[in-house]
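J.: Provided below for reference: sequence and predicted model.
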Amino acid sequence: MSELYSITKQIISQGKGILAADESTATMTKRLDNVNVKSSPENRLLFREILFSSESMKDCIGGVILYDETIRQISSNKKTIPKLIESSGALTGIKVDTGAKVLANSKDEKITEGLDGLRERLKEYHKLGARFTKWRAVYVISENSPSKLSIHSNAHALARYAALVQESGMVPIIEPEVLMDGKHNVDDCYKTTSEVLKRCYEELILNKVDLKGTILKPNMILPGSGSNTRIKSREIAELTLKCLEESVPSEVPGIAFLSGGQSEKEAAENLNEINNLNKTSFIMTYSYGRALQQSALKFWSKNIEDVIGTQDIFNHRANMCSLAAQGKWTQEIENK
């Protein structure tokens with residue numbers, strides 16, 4: 001078993017998933033502003049440290065994705081944040097892209113940047129304790145997008161990123177996100193996601209990336225948030241599984257879904273249904289940000305010194321996601 005494959009298994013096996021806590025300072029500031037908490041380095045660290053010290057980290061979280069600021073911070077008990085995460089048995093990950101910028105000659109689309117100087121940054125992150133990384137590409141469905149230029153350019157960047165990450169001894173998370181934003185129907189999402197994934201894997205294979213040492217972080221197959229269409233969990237699961245089976249090589253060990261615009265409950269329910277129907281070799285789990293943190297953040301904002309209460313909220317959400325990753329989630333357990 002290769003070292004990279006061992007890392008992937010440690011992150012996503014036995015009902016464990018990924019806590020995406022890699023919000024940029026700007027994004028985290030917006031979220032703290034929304035709950036009337038001052039966005040200072042101390043407050044950002046305080047909230048994240050509460051999550052990273054929670055009991056559910058041991059059984060539900062196999063990896064935590066950090067932002068550059070957080071991986072360099074020191075916890076209240078004088079441990080580095082990677083050491084705090086490791087103390088629960090989880091691994092530290094790091095977001096390494098520098099954001100989605102306007103794609104030249106296609107002003108309504110984005111290309112993710114961050115390849116310049118990446119090899120040197122990866123060496124530093126490995127020394128700081130990171131063992132896996134994340135790079136996100138975004139695609140919008142509209143009348144004229146995503147274009148072939150967008151699909152090709154982002155797939156090429158993802159593949160170059162993944163090759164550099166594996167060279168540095170870390171596991172790359174591949175995140176090609178087809179956004180929920182828009183009025184598109186579920187068939188449009190299926191078609192676009194399939195095209196995006198197939199192109200990504202063509203580029204990954206061309207760049208000689210070891211697929212067994214990667215994790216895919218895709219969107220589920222859902223109608224656009226502006227389509228006014230609701231479909232049942234079973235249909236979401238069936239379409240998502242069909243798309244992945246047709247588009248993702250079987251060598252990929254695991255798929256950790258992003259929550260996108262789903263509510264906390266929807267993200268758990270849909271993942272649960274996917275696992276109930278899953279006949280593939282892929283481990284199906286979660287890499288959730290808001291769907292793990294949002295309720296805890298709202299509770300914490302009312303009294304930032306209430307550590308136990310905040311952890312109780314987070315533990316419940318992490319347990320719900322872990323059950324969903326095993327096909328054991330139910331509405332009754334959710335409401336307890």
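T.: Okay, I see it.

J.: contacts only, for the nearest residue to Thr229 once chain neighbours are set aside.
T.: Leaving aside its sequence neighbours, Thr229 sits nearest to Pro223 (C-beta to C-beta, 6 or more residues apart in numbering; 4.3 Å). Quick note: C-beta positions are derived from backbone N, CA and C, even for glycine. Counting by C-beta atoms under 8 Å, 6 or more residues apart in numbering, Pro223 makes contact with His184, Asn185, Val186, Cys189, Thr229, Arg230, Ile231.

J.: quick one: which of the residues you listed is most hemmed in?
T.: Neighbour counts for the contacts of Pro223 (other C-beta atoms under 10 Å) peak at Cys189, which has 26 neighbours.

J.: distance check, the nearest residue to that one once chain neighbours are set aside against Gly260.
T.: Closest residue in space to Cys189, ignoring its immediate chain neighbours: Ile221 at 5.2 Å, by C-beta to C-beta, 6+ apart. According to C-beta to C-beta, to the nearest Å, Ile221 and Gly260 sit 11 Å apart.

J.: for Thr98, same thing?
T.: Applying C-beta to C-beta to Thr98 and Gly260 gives a distance of 22 Å.

J.: so where's this protein uncertain?
T.: The chain contains residues with pLDDT under 70 at 1.

J.: packing partners for the biggest strand by length in it?
T.: What stands out as the longest strand in the chain, according to DSSP state E, is strand 130-139. In this structure, strand 130-139 makes packing contacts with helix 3-12, strand 61-66, strand 91-95, strand 100-103, strand 106-112, helix 148-167, strand 171-178, judged by 3 or more C-beta pairs under 8 Å, 6 or more residues apart in numbering; DSSP states H and E.

J.: if you count neighbours, what's buried in it?
T.: By 16 or more other C-beta atoms under 10 Å, the buried positions in strand 130-139 come out as Ala130, Arg131, Phe132, Thr133, Lys134, Trp135, Arg136, Ala137, Val138, Tyr139.

J.: next one: stretch 111-131
T.: 111-112, 114-115, 118, 121-122, 125-126, 128-131.

J.: save those as a markdown table, and put in distance to Ala291 too.
T.: Below are these laid out as a markdown table (distance: C-beta to C-beta, whole Å):
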| residue | distance to Ala291 |
| --- | --- |
| Ile111 | 27 |
| Thr112 | 22 |
| Gly114 | 25 |
| Leu115 | 29 |
| Leu118 | 29 |
| Arg121 | 28 |
| Leu122 | 28 |
| Tyr125 | 25 |
| His126 | 29 |
| Leu128 | 27 |
| Gly129 | 25 |
| Ala130 | 23 |
| Arg131 | 23 |
